[in-house]
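Participant: generate a structure from the sequence data that follows.
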Amino acid sequence: MWYKLSSGSVFKFSFGLRWASEGGASTAEEEETIMALNVCPADRVHAPVERVWELLMQPAGYGRFWDLKVERVEPEGPAAAGQKFVGWTRALGRRWRIDGEIWEVDTERHQILFRMSLPFGVVGDNRIVCTPIDGHRCTLRYG
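Facilitator: So this is what the prediction gives:
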């Protein structure tokens, strides 16, 4: 997926990869062949942490800052553990389905933990963390 930082940088990266067998279950042999790539991009955002957190708490709007068109969120509403979202992205002239599930929301620490299932069995376990710098800026980390 492509991401755009507030600095204007545009980049593409892979994150927390693991190959899953059909049906999502992994065998002991597959567990030994896991390919892990940990990337945690971060950027300063020129907005208060509360405003950025408001945006992150709305899964239906994730397409505003990810290369993702969100089709549905179940159940609708603010981000909550167990909530699922389904969407798609375009690459190589095709439309690719992306499924996500929010595992944990820590409003006190401004963190969301979720899993995204991407094409070809790629699964990303991700955490978004928003940390205040001062009353007008914050740092946003994804990884």
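Participant: tell me the helices and strands packed up against the helix or strand where Thr89 lies.
Facilitator: Thr89 belongs to strand 84-91 when assigned by DSSP states H and E. For strand 84-91, the packing partners by 3 or more CB pairs under 8 Å, 6 or more residues apart in numbering; DSSP states H and E come out as strand 69-74, strand 94-106. For glycine as for every other residue, the C-beta is placed from the backbone atoms N, C-alpha and C.
Participant: what is the rounded mean pLDDT of the very next helix or strand once past the last one?
Facilitator: Heading C-terminal from strand 94-106, the first helix or strand you meet, by DSSP H and E, is strand 111-117. Mean pLDDT, computed over strand 111-117, is 94.
Participant: quick one: strand 111-117 to strand 94-106, angle?
Facilitator: 150 degrees (axes from the mean of the first three to the mean of the last three CA atoms, to 10 degrees).
Participant: paired strands for the next helix or strand after strand 111-117, with orientation please.
Facilitator: Remark: after strand 111-117, the chain's next helix or strand is strand 122-132, criterion DSSP H and E. If you go by DSSP bridges, strand 122-132 pairs up with strand 17-19 (antiparallel), strand 111-117 (antiparallel), strand 138-142 (antiparallel).
Participant: now those as a markdown table including distance to Leu55?
Facilitator: Shown next, in a markdown table, are the strands paired with strand 122-132 (distance: least, CB to CB, whole Å):
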| stretch | distance to Leu55 |
| --- | --- |
| strand 17-19 | 26 |
| strand 111-117 | 11 |
| strand 138-142 | 10 |
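Participant: any chance of these in CSV, with mean neighbour count and distance to Lys69 too?
Facilitator: Rendered in CSV, the data for the strands paired with strand 122-132 read as follows (neighbours: other CB atoms under 10 Å; distance: least, CB to CB, whole Å):
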stretch, mean neighbour count, distance to Lys69
strand 17-19, 16, 23
strand 111-117, 18, 14
strand 138-142, 19, 19
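Participant: what bridges to the nearest residue to Ile112 once chain neighbours are set aside?
Facilitator: Take Ile112 and drop its neighbours on the chain: the residue closest to it by CB to CB, 6 or more residues apart in numbering is Ile128, 4.7 Å away. Beta-bridge pairing for Ile128 (DSSP bridges): Ile112, Tyr142.
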